[in-house]
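Turn this into a structure:
(chains A and B)
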Amino acid sequence: MEKIFYELSRWLIPCLILFILTFGFFRGVKIYECFVKGAKEGFSLAVRIIPFLVAMMMAVGIFRQTGFIRLIEQSCGTILQFFNLPPDILPLAILRPLSGGAALGITTELINTYGPDSYIGRLASTMQGSTDTTFFILAVYFGAVGISKYRYSLGVGLLADIVSFAASVFIVSHVFG
Amino acid sequence: MINLIWLVMILAGIILAGFKGQPEIVTQAAFQAAQTAVKYAFELIGIMSLWLGLMKVAEEAGLIKAFAQLLRPLTKFLFPSVPQDHPAMGFILMNFSANILGLGNAATPFGLKAMQELQSLNPRKDMASEAMCTFLAMNTSCITLLPATVIGIRIAAGSTNPTEIVSTTLFATIIGMSAALLADYLMRSYNRRKIFHC
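Numbering: from 1, shown residues only, chains lettered A, B, ... in the order given. Take a look at the predicted model:
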């Protein structure tokens, strides 16, 4: 079952491109002109999000590289152990909503240090796959259309992250024991 | 709230660096981050153009509309404030599909287009609309069928069963997404009542 998923992911994009273009062609769409027209928007959209990326990445960069997370890790070790959470997983949990790149780096490091089939390796894999970079997405998506009042969406997004993390810990410790 | 979190993150870093007597870490991190941000945006230009080009073809061929119609019962419930045949719906659904299938780099262009379309319906241009909040709740907690990147890392690390985490990830994301949609629904009704009473 899971093998099928993986094969599917390899073929997905080629099939999607093939399907859209041939379908469009036979529906009488001028596919080349149309593609170029749509692609034009890519530039302005990407450039428009630069200020928000800079603001977000600067804060995350300072927070991360000064080693603040290590400080939290050291002071919360015992509490975490109680919840069946190895302290090494904490930086991932904190950084996951902030920065996709940083979280991916930590996940790779954890998997390589403890082995992909260890408890930490599986937990890190599940956590990495199960939530998204909430802060980053909100900053960029709202920024791109000029919205400064996020209302309750940040709270909702962070709540979902916490729930997903808790669910990851629960399921990984139950399935793989 | 975003202002406070932003300040706390920067402040925490600077104070800690001060205690350590290494303020240059802050300087370096800040400059480096600014450069990385632009590099990321530039890489995004190509990917963004590619997907938006393909999307335009799909749109003209009527694929997006057909797709939106197929999922109408679901979207009518989630986005009552968006007219059902509005282009925003198509982009929201494309973003959702890209997220489910683990196509991270396609999700962003579709998501940004969806936000643009939702903004055209928004009466207060500086404030998030209800539909935007629901869309982002859905987007940031999205169900993942194929965590392709993680599977790749696991294969590279020599896992005996790289795909064993697919089911656990699916479980965690279903729980997370349910929580997000429930919280969004509750906040929406709560806010409406508040406005009504004023």
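
Please make it C-alpha for all contacts and neighbour counts, starting now.
Will do.

Quickly find the element holding the closest residue to residue B:46 other than its chain neighbours.
Once flanking residues are discounted, residue B:46 sits nearest to residue A:42: 7.3 Å by Cα to Cα, 6 or more residues apart in numbering or on different chains. Using DSSP states H and E, residue A:42 sits in helix A:31-48.

Next, the buried residues of that helix.
Using 16 or more other Cα atoms under 10 Å in any protein chain shown as the test for burial, helix A:31-48 gives A:31, A:34-43, A:45-46, A:48.

Which strands or helices does it pack on?
Packing contacts for helix A:31-48, counted by 3 or more Cα pairs under 8 Å, 6 or more residues apart in numbering or on different chains; DSSP states H and E, involve helix A:2-26, helix B:24-60.

so the last one versus helix A:2-26, what angle?
Interaxial angle, helix B:24-60 versus helix A:2-26 (axes from the mean of the first three to the mean of the last three Cα atoms, to 10 degrees): 50 degrees.

Residue A:98 looks like it's in a strand, true?
No - read with DSSP: H, G, I helix; E, B strand; the rest coil, residue A:98 is coil and lies in no strand.

before we move on, back to that, quick one: which of the helices and strands packed on helix A:31-48 has the weakest pLDDT on average?
Between those, the one with the least mean pLDDT is helix A:2-26; it has a mean of 83.

On the pLDDT front, check the residue nearest to residue B:6 when sequence neighbours are not counted for me.
Closest residue to residue B:6 apart from its sequence neighbours, by Cα to Cα, 6+ apart: residue A:59 at 6.4 Å. pLDDT, residue A:59: 88.

which element is residue A:59 on?
Using DSSP H and E, residue A:59 maps to helix A:50-65.

Could you list the residues in contact with stretch B:2-14?
Stretch B:2-14 has contacts (Cα atoms under 8 Å, 6 or more residues apart in numbering or on different chains) with A:56, A:59-60, A:62-68, A:154, B:23, B:26.

10 Å instead, please
A:55-56, A:58-69, A:135, A:138-139, A:148-150, A:154, B:1, B:17-18, B:20, B:22-27, B:30 (Cα atoms under 10 Å, 6 or more residues apart in numbering or on different chains).

Repeat that for stretch B:66-84.
Contacts with stretch B:66-84, where a contact means Cα under 10 Å, 6+ apart, come from B:59, B:63-64, B:85-94, B:118, B:121-122, B:129-132, B:134-135, B:138, B:181, B:185.

just the angle between the helix holding residue A:59 and helix B:24-60, please?
Going by the same axes, to 10 degrees, helix A:50-65 makes 140 degrees with helix B:24-60.

May I see the buried residues of helix A:50-65?
Those would be A:50-65, for helix A:50-65 by 16+ other Cα under 10 Å.

what do you get for stretch B:159-175?
Neighbour-count burial for stretch B:159-175, counted by 16+ other Cα under 10 Å, picks out B:159, B:162-175.

One more: stretch A:165-172?
Residues of stretch A:165-172 classed as buried by neighbour count (16+ other Cα under 10 Å): A:165, A:166, A:167, A:168, A:169, A:170, A:171, A:172.

any chance of the residues you listed in a markdown table, plus secondary structure?
As requested, these are exported to a markdown table (three-state DSSP):
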| residue | secondary structure |
| --- | --- |
| A:165 | helix |
| A:166 | helix |
| A:167 | helix |
| A:168 | helix |
| A:169 | helix |
| A:170 | helix |
| A:171 | helix |
| A:172 | helix |
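
Which of the buried residues of stretch B:159-175 fall in helices?
Counting by DSSP state H, the part of these found in helices is B:165, B:166, B:167, B:168, B:169, B:170, B:171, B:172, B:173, B:174, B:175.

For residue A:174, see how far away the first one is.
What it means is residue B:165. According to Cα to Cα, to the nearest Å, residue B:165 stands 13 Å off from residue A:174.

ok, and the helix or strand in chain A with the lowest average confidence?
Ranking every helix and strand in chain A by mean pLDDT, DSSP states H and E puts helix A:77-82 at the bottom, with a mean of 75.

which helices and strands sit right next to that helix?
Under the contact criterion of 3 or more Cα pairs under 10 Å, 6 or more residues apart in numbering or on different chains; DSSP states H and E, helix A:77-82 touches no helix or strand at all.

in that helix, what's buried?
For helix A:77-82, burial by neighbour count (16+ other Cα under 10 Å) applies to residue A:80.

Now do it: everything it contacts.
So helix A:77-82 is contacted by A:73, A:85, A:86, A:87, A:88, A:89, A:90 (Cα under 10 Å, 6+ apart).
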